[in-house]
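Peer 1: Quick check, what structure comes out for this input:
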Amino acid sequence: MNLAPITVAVHTLGRDSRQEFIDAVRTGFARTPKTLWPRWFYDDRGCELFDAITQLPEYYQTRTEMSILEEHARAIMERVRPASIVELGAGSCTKSRVLIRAAKGMGSLWTFVPFDISEATLRRSASELIDEFDDLTIYCVTGEFDHHLSQIPRFGRQLIVFLGSTIGNFEPDEARTFLTEVRRLMQPGDHFLIGVDFVKDEGDLVAAYNDSQGTTADFNLNVLARINNELDADFDLDAFRHLALWNAAEHRIEMYLRSLRQQEAAVREAGLTVRFAEGELTRTEVCTKYTREHVQAMLMDVGIRVVDWYTDPAQRFGLLLAR
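Peer 2: Take a look at the predicted model:
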């Protein structure tokens with residue numbers, strides 16, 4: 001029988017997420033080019049699809065990051081010795097389990113705090129974790145990066161973890177704001193472990209976002225399905241195609257939905273009619289790739305000091321430990 005508690009705290013702070021969704025759809029479709037922000041990918045279905053993406057053969061990021069964690073988790077934990085691990089964008093918590101195992105073996109870790117936008121995903125992950133670590137206290141926080149990081153509770157010296165190169169999904173000003181909020185969570189003795197995808201061959205990058213099974217395409221199109229379901233819209237998903245392109249100047253993959261014909265869709269809950277020209281692109285996500293120097297400069301700019309790098313032999317992906 002498991003005795004350790006699971007707490008799920010849902011932090012909305014009085015915000016109307018449905019109205020935010022409506023406002024974002026109105027604002028995004030009024031732009032030129034049209035834009036939908038990646039935060040709206042992650043309803044429960046979107047979270048499931050993203051977990052499936054991480055298992056794809058083309059998606060090297062997850063396998064590579066996991067191999068780095070498995071090789072270096074014990075060394076990282078010997079340096080950090082946290083009382084709690086806070087994982088931002090926790091999802092299924094697959095990779096953080098490697099860190100939890102290493103820390104539990106040293107006797108310092110008592111609490112795991114997964115933070116994610118999907119309450120259903122957090123509850124499922126927490127239940128699985130408690131079966132494996134029956135003396136671990138799990139305090140789940142449901143929220144969004146741009147509003148709720150300050151609500152994460154503190155349980156002693158902490159390691160804040162941000163894996164998967166999710167930092168690459170932010171625009172530069174958003175990344176700085178996010179890192180500033182992370183810095184505010186940190187006190188002397190705390191550490192920050194962040195995963196970053198390095199700049200590499202364009203072919204490898206494009207293939208990772210155009211998988212042969214079409215899972216990334218389904219993930220991209222799911223944002224339109226979500227608008228249909230939640231805002232009473234009538235987008236024809238068969239009239240759009242997923243597209244991922246490499247922007248060399250910005251060092252990033254850009255994901256789009258391409259309209260296959262001239263068309264329009266009603267978003268009734270937003271009082272909106274959206275018109276598309278044939279071939280018109282709607283941008284849904286950016287995935288920036290970094291050099292070491294770029295990441296270190298971003299962290300130093302907000303007062304976070306680099307401690308060490310951990311990478312794979314081919315230098316495709318890196319974990320940076322900072323304090």
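Peer 1: Doesn't residue 87 belong to a strand?
Peer 2: Yes. Counting by DSSP: H, G, I helix; E, B strand; the rest coil, residue 87 falls inside a strand.
Peer 1: Tell me, how many residues neighbour it?
Peer 2: Neighbour count of residue 87, defined by other Cβ atoms under 10 Å: 23. The C-beta positions use only the backbone N, C-alpha and C, and glycine is treated the same way.
Peer 1: now residue 115
Peer 2: By other Cβ under 10 Å, neighbour count at residue 115 equals 26.
Peer 1: Which of the helices or strands spans it?
Peer 2: Here residue 115, judged by DSSP states H and E, is contained in strand 111-116.
Peer 1: helices and strands around that strand, which ones?
Peer 2: Judged by 3 or more Cβ pairs under 8 Å, 6 or more residues apart in numbering; DSSP states H and E, the packing partners of strand 111-116 are strand 84-88, helix 96-104, helix 119-132, strand 137-142.
Peer 1: Skipping adjacent residues, who's closest to residue 163 in space?
Peer 2: Leaving aside its sequence neighbours, residue 163 sits nearest to residue 195 (Cβ to Cβ, 6 or more residues apart in numbering; 4.3 Å).
Peer 1: mind checking pLDDT for that neighbour?
Peer 2: The model reports residue 195 with a pLDDT of 97.
Peer 1: Repeat that for residue 57.
Peer 2: Predicted confidence (pLDDT) for residue 57: 88.
Peer 1: so what's it up against?
Peer 2: Shown in contact with residue 57 (Cβ atoms under 8 Å, 6 or more residues apart in numbering): residue 211.
Peer 1: Surely it is within a helix?
Peer 2: No. Under three-state DSSP, residue 57 falls outside any helix and is assigned coil.
Peer 1: Report the backbone C-alpha coordinates of the strand holding residue 115 in PDB.
Peer 2: Extracted C-alpha coordinates of strand 111-116, given in PDB (Å, rounded to 0.1, in the frame of the first residue of the first chain):
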ATOM      1  CA  THR A 111       9.600  15.500  -3.100                       C
ATOM      2  CA  PHE A 112       9.000  15.700  -6.800                       C
ATOM      3  CA  VAL A 113       7.000  18.600  -8.200                       C
ATOM      4  CA  PRO A 114       5.900  18.100 -11.800                       C
ATOM      5  CA  PHE A 115       4.500  21.200 -13.500                       C
ATOM      6  CA  ASP A 116       2.400  20.900 -16.700                       C
END
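Peer 1: quick one: it to chain centroid distance?
Peer 2: Distance, stretch centre to chain centre, for strand 111-116: 14 Å (Cα atoms, centre = their mean, to the nearest Å).
Peer 1: Any chance you could list what contacts it?
Peer 2: For strand 111-116, the surrounding residues in contact (Cβ under 8 Å, 6+ apart) are 47, 83-91, 93, 96, 100, 122, 125-126, 129, 133, 136-143, 148-149, 152-153, 155-156, 158.
Peer 1: Repeat the analysis, applying 6 Å as the threshold.
Peer 2: Residues from elsewhere that reach strand 111-116 (Cβ atoms under 6 Å, 6 or more residues apart in numbering): 84-88, 90, 93, 122, 136-141, 155.
Peer 1: Paired strands for that strand, with orientation please.
Peer 2: Strand pairing for strand 111-116, using DSSP bridges, gives strand 84-88 (parallel), strand 137-142 (parallel).
Peer 1: If you drop the residues flanking it in sequence, what lies closest to the residue at minimal distance from the centre of the chain?
Peer 2: Most central in the chain under Cα atoms, centre = their mean is residue 166, positioned 4.3 Å from the mean C-alpha point. Among residues not flanking residue 166 along the chain, residue 89 sits closest, at 5.2 Å (Cβ to Cβ, 6+ apart).
Peer 1: Could you do residue 93 as well?
Peer 2: residue 125 (4.4 Å).
Peer 1: Is it correct that that neighbour is in contact with residue 94?
Peer 2: No. Residue 125 is not in contact with residue 94 according to Cβ atoms under 6 Å; the separation is 8.7 Å.
Peer 1: pLDDT below threshold where in this structure?
Peer 2: Low-confidence segments of the chain, defined by pLDDT under 70: 1-4, 8-16.
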